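A.B. asks: give me the fold of what follows.
(chains A, B, C and D)
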2 protein chains.
Amino acid sequence: MHQAVNELQASDRDGVTVPAIAARAGVTPSTIYRRWGDLAQLLADVAVSRMQPDTPPADTGAYRSDLLTWLEQYRDEMSSDPGRSLLRDILSAQGRDNPGRCASFCAQQLEAIAERASGRGEHPAPTDALLDGVVAPLIYRILFSADTPSTDDVTRWVDAVLERPGAGVA
Amino acid sequence: MHQAVNELQASDRDGVTVPAIAARAGVTPSTIYRRWGDLAQLLADVAVSRMQPDTPPADTGAYRSDLLTWLEQYRDEMSSDPGRSLLRDILSAQGRDNPGRCASFCAQQLEAIAERASGRGEHPAPTDALLDGVVAPLIYRILFSADTPSTDDVTRWVDAVLERPGAGVA
DNA sequence: GGGCTTAAAGCAATGGATTTGCGTTAGTGA
DNA sequence: TCACTAACGCAAATCCATTGCTTTAAGCCC
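C.D. replies: Numbering: from 1, shown residues only, chains lettered A, B, ... in the order given. Presented below is the predicted three-dimensional model:
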């Protein structure tokens, strides 16, 4: 089912209808309505699946550059047209904690970077601080403003969090 | 038209359909489709209108408490069920810069608070810093997590911005 | 006031999506 | 194997969305 959605989205988002997805997946539309309730819920489900990371964050050798590398990649993905569509799908469907699942993928990646840093003897920042101080303005910019956060923006936000007491390289 | 939407939303969001709105507003559905394209665009339009502030921020006598007062009110509005629905409507409809208009209302209120502070001889923080440092995590929490930002959260974010060089009370 | 132009709205037909009742199928456990 | 349950398919009914054409209303000029 997810594959049917992805294939249809790749060719024409206007053609992404329940009957089209059903035909593509070899089922009848009532199956989709019975299972997901409406198109928005199915699209949100698919979007959350696509947000799920399939690789661990790149290891650059140091905590700060791990963060910057991962966050810039995250910025690039989320600010792309497909990324924006995924965010819109996730935020459109009411209920089901789709946004929460999306955010927890992000948190897990940041935790993995932090654990790797601890293993190196570095002192990583709390993940909550990074979510509030970096991910939040990054996503807020993407959602609510015309401009995409620059690399300087991301670097500034990261360094502002790392400079606070309780965080930073050893 | 906006009033018809508001009335229908107040009673039953499931009944908010183009034909129902049209009947309520005394027009035919094709009028709505011709003007707005689809239901999502109309709902976003209505949501943006409802986001527009109708009063200036309260004057508490000092910049920091002006900020805190306004931001806590903003937090309360945006985290309410109606507020969350408005955010969802705004973020669901593609194109038209609805989120940008929503964000600019917020920025204008923060600018008004800053101008009042300047008039008092205080040194307000840059509005961009408040958007990135306070509004972004506030909205991100509301959109992506199960918990609503607490008053402590808001206070902490505000003070983190005010403590940076270039901002603060005189 | 009358005529003309243009944009918006209304009407009605058509097409497509959604809902729902009922029957069928598939999977699971005893 | 049988009974139960959940999921799926089918088809009819309902509702929403689209579109061509006509009508209406507003604005401008003489």
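
A.B. asks: nearest residue to the most centrally placed residue in chain A other than its sequence neighbours?
C.D. replies: Most central in chain A under Cα atoms, centre = their mean is A:M51, positioned 5.1 Å from the mean C-alpha point. Distance criterion Cβ to Cβ, 6 or more residues apart in numbering or on different chains; nearest residue to A:M51, sequence neighbours excluded, is A:C102 at 5.0 Å. C-betas here are computed from N, CA, C, even on glycine.

A.B. asks: report the next helix or strand after the one helix or strand the one you found maps to in sequence order.
C.D. replies: Using DSSP states H and E, A:C102 falls within helix A:98-119. Following helix A:98-119 in sequence order, the next helix or strand is helix A:127-130 (DSSP H and E).

A.B. asks: what packs against that following helix?
C.D. replies: The helices and strands touching helix A:127-130, judged by 3 or more Cβ pairs under 8 Å, 6 or more residues apart in numbering or on different chains; DSSP states H and E, are helix A:98-119, helix A:151-162.

A.B. asks: other SSEs contacting the last one?
C.D. replies: What it means is helix A:151-162. So helix A:151-162, by 3+ Cβ pairs under 8 Å, 6+ apart, packs with helix A:63-79, helix A:127-130, helix A:136-144.

A.B. asks: how about those in CSV, adding mean pLDDT and mean neighbour count?
C.D. replies: Formatted as CSV, those follow (pLDDT from 0 to 100; neighbours: other Cβ atoms under 10 Å in any protein chain shown):
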stretch, mean pLDDT, mean neighbour count
helix A:63-79, 97, 19
helix A:127-130, 96, 18
helix A:136-144, 97, 23
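
A.B. asks: and the helices and strands packed on helix A:127-130: which comes nearest DNA strand C?
C.D. replies: Among these, helix A:98-119 comes nearest to DNA strand C, with 18.2 Å by Cβ to the nearest atom of the strand.

A.B. asks: what's the angle from that closest one to helix A:136-144?
C.D. replies: Put simply, helix A:98-119 runs at 150 degrees to helix A:136-144, going by axes from the mean of the first three to the mean of the last three Cα atoms, to 10 degrees.

A.B. asks: quick one: mean pLDDT for helix A:98-119?
C.D. replies: Mean per-residue pLDDT for helix A:98-119: 96.

A.B. asks: so what does it touch, helix or strand wise?
C.D. replies: helix A:39-51, helix A:63-79, helix A:81-92, helix A:127-130, helix B:136-144.

A.B. asks: in that helix, what's buried?
C.D. replies: A:98-99, A:101-103, A:106-107, A:109-110, A:112-114, A:116-117 (16 or more other Cβ atoms under 10 Å in any protein chain shown).

A.B. asks: let's have those in TSV, adding distance to DNA strand C.
C.D. replies: Below are the buried residues of helix A:98-119 laid out as TSV (distance: Cβ to the nearest atom of the strand, whole Å):
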residue	distance to DNA strand C
A:N98	18
A:P99	22
A:R101	23
A:C102	23
A:A103	27
A:C106	30
A:A107	33
A:Q109	33
A:L110	37
A:A112	33
A:I113	38
A:A114	39
A:R116	39
A:A117	43
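
A.B. asks: for A:E122, grab the count of nearby residues.
C.D. replies: By other Cβ atoms under 10 Å in any protein chain shown, 17 other residues sit near A:E122.

A.B. asks: so it touches A:Y63, yeah?
C.D. replies: Yes. With contact defined as Cβ atoms under 8 Å, A:E122 counts as touching A:Y63 (4.5 Å).

A.B. asks: circling back: out of the helices and strands packed on helix A:98-119, which comes closest to B:S30?
C.D. replies: helix A:39-51 (22.8 Å; Cβ to Cβ).

A.B. asks: okay, how far is it across stretch A:139-154, tip to tip?
C.D. replies: 11 Å (Cα to Cα, to the nearest Å).

A.B. asks: for chain A, what lies in contact range of chain B?
C.D. replies: Within chain A, the positions adjacent to chain B are A:87-88, A:91-92, A:94, A:97, A:99-100, A:102-103, A:131-133, A:135-137, A:139-141, A:143-146, A:157, A:160, A:164 by Cβ under 8 Å from any Cβ of the partner chain.

A.B. asks: how about 7 Å then?
C.D. replies: Contact residues, chain A versus chain B (Cβ under 7 Å from any Cβ of the partner chain): A:88, A:91-92, A:94, A:99-100, A:102-103, A:132, A:136-137, A:139-140, A:143-146.

A.B. asks: for A:T155, give me its contacts.
C.D. replies: With contacts defined as Cβ atoms under 7 Å, 6 or more residues apart in numbering or on different chains, the neighbours of A:T155 are A:L68.

A.B. asks: look up how far DNA strand C lies from A:R35.
C.D. replies: 11 Å (Cβ to the nearest atom of the strand, to the nearest Å).
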